[in-house]
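S.K.: Have a look; sequence and predicted model below, questions after that.
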Amino acid sequence: MFEVEEIIERLQNLTYEKALAYWIKSEEEEAKFYGELAERARNLGLPQSLTETFLKLSRDSKRHAEELTKEFRKSFGKEPSTGIPPLEVVPVLDKFERADQVREVLEAAMESELIAMNAYKMLAGKVSEERLRELYLKLADVEKSHYEALKREYERLGG
């Protein structure tokens with residue numbers, strides 16, 4: 001298991017091509033993660049708004065991955081590949097077995113999105129290549145929007 005600091009250090013030294021491949025993989029993993037959270041929420045009979053929030057985040061992440069993959073193929077003429085695990089996917093699925101755990105799952109997901117957002121902002125300040133800086137700032141904005149969607153749902157549930 002990679003630590004956040006180790007992932008940040010590895011991301012700091014990537015080329016634009018490798019950073020874009022990392023983002024694609026992160027979006028694919030997030031799409032799966034939020035899709036599984038939606039299924040779990042539905043199976044537990046949790047509010048429809050929660051399931052819809054997870055489904056929207058899953059769809060958004062999948063769409064981002066598809067768009068970025070097209071850009072990657074066009075720019076580099078190959079398939080994206082990375083060995084760096086995503087910062088924002090948290091291992092909470094196994095803990096999400098009962099309806100009364102939804103708040104802690106949302107808290108963990110929000111914390112993960114905040115960690116990723118702050119890490120990408122920090123990376124944007126550390127890299128010298130403008131295109132890479134812009135990529136990390138876009139990543140930070142995506143994670144911020146994910147955090148805000150989760151926070152709205154958390155507040156709707158009385159958190």
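M.R.: Cool, the structure landed. Keep in mind the model is a prediction, meaning the values are calculated, not measured. Residues are numbered from 1 along each chain as shown.

S.K.: so where's the chain shaky on pLDDT?
M.R.: 1-2, 88-95, 99 (pLDDT under 70).

S.K.: if you set the cut-off to 80 instead, what comes out?
M.R.: Scanning the chain for pLDDT under 80 picks out 1-5, 7-8, 87-100, 159.

S.K.: And the strands in it?
M.R.: Counting by DSSP state E, the chain forms no strands at all.

S.K.: thought Arg103 was touching Leu157?
M.R.: Yes - between Arg103 and Leu157 there is a contact under C-beta atoms under 8 Å: 6.7 Å. Every residue, glycine included, has its C-beta placed from N, CA and C.

S.K.: so who does Phe96 touch?
M.R.: Phe96 is in contact with 37, 40, 102, 105, counting by C-beta atoms under 8 Å, 6 or more residues apart in numbering.

S.K.: what number of residues lie near Arg103?
M.R.: The number of residues packed near Arg103 is 12, by other C-beta atoms under 10 Å.

S.K.: ok, back up a step: tell me the one of the contacts of Phe96 nearest Lys138?
M.R.: For these, the closest approach to Lys138 (C-beta to C-beta) belongs to Leu37, at 23.7 Å.

S.K.: Can you tell me how far the spatially closest residue to the closest one that is not a sequence neighbour is from Ile84?
M.R.: Leaving aside its sequence neighbours, Leu37 sits nearest to Phe54 (C-beta to C-beta, 6 or more residues apart in numbering; 4.4 Å). With the distance defined as C-beta to C-beta, to the nearest Å, Phe54 ends up 25 Å from Ile84.

S.K.: Same question for Asn118.
M.R.: For Asn118, the distance to Ile84 - C-beta to C-beta - is 17 Å.

S.K.: ditto for Met110
M.R.: Separation of Met110 from Ile84 (C-beta to C-beta) stands at 22 Å.
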